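Trainee: curious how this folds, go ahead:
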Amino acid sequence: MSNEKVARFNKQQYVVGLKETLKALKKDQVASLIIAKDVEIYLLAQVFSQINHKSIPNTYFESKSALGKAVGINVNATIVALLNEN
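Mentor: Okay, here's the model as predicted:
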């Protein structure tokens, strides 16, 4: 993932984690997704189903721990949803 995407964390609102991402997807608030490469695919089945229907772009990040650090939390993050600007 590019440094440009990481820099957007400071400028754009986002939610971290599978449950929060699913909530935001149901409310049509997601602009794009950042997914850790080392996530078990079965965990993301619902997410992939929704983004295919809504044509939401996704990007992959090197690991769960690196993604967590990039968003400023001290635990692993499987997915981050960048929210639409309102």
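Trainee: now the strands for this structure?
Mentor: Ranges of strands in the chain, per DSSP state E, are 14-16, 30-36, 58-61, 79-83.
Trainee: low-scoring stretches of the chain, by residue?
Mentor: Applying pLDDT under 70 to the chain flags the ranges 1-11, 86.
Trainee: which parts of it are helices?
Mentor: 3-11, 18-26, 45-54, 64-70 (DSSP state H).
Trainee: count of residues packed around the closest residue to residue 74 other than its chain neighbours?
Mentor: Distances taken as C-beta to C-beta, 6 or more residues apart in numbering place residue 68 nearest to residue 74, at 7.1 Å, with adjacent residues excluded. C-betas here are computed from N, CA, C, even on glycine. Residues lying near residue 68 (other C-beta atoms under 10 Å) number 20.
Trainee: tell me the contacts of residue 68?
Mentor: Each residue near residue 68 by C-beta atoms under 8 Å, 6 or more residues apart in numbering is listed here: 16, 74, 75, 76, 77.
Trainee: cool, and residue 80?
Mentor: By C-beta under 8 Å, 6+ apart, residue 80 lies in contact with 9, 14, 15, 16, 21, 33, 34, 61, 67, 71.
Trainee: swap the cut-off to 7 Å and go again
Mentor: Residues in contact with residue 80, defined by C-beta atoms under 7 Å, 6 or more residues apart in numbering, are 14, 16, 34, 67, 71.
Trainee: with neighbour count added, can I get these in JSON lines?
Mentor: Formatted as JSON lines, those follow (neighbours: other C-beta atoms under 10 Å):
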{"residue": "14", "neighbour count": "19"}
{"residue": "16", "neighbour count": "19"}
{"residue": "34", "neighbour count": "25"}
{"residue": "67", "neighbour count": "26"}
{"residue": "71", "neighbour count": "15"}
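Trainee: and which of those residues is nearest residue 53?
Mentor: Lowest distance from residue 53 to these (C-beta to C-beta) belongs to residue 34, with 19.3 Å.
Trainee: now, of the contacts of residue 68, which are buried?
Mentor: Buried residues within the contacts of residue 68, counting neighbours by 16 or more other C-beta atoms under 10 Å: 16, 76, 77.
Trainee: now render those as TSV, adding distance to residue 42.
Mentor: Shown next, in TSV, are the buried ones among the contacts of residue 68 (distance: C-beta to C-beta, whole Å):
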residue	distance to residue 42
16	20
76	17
77	18
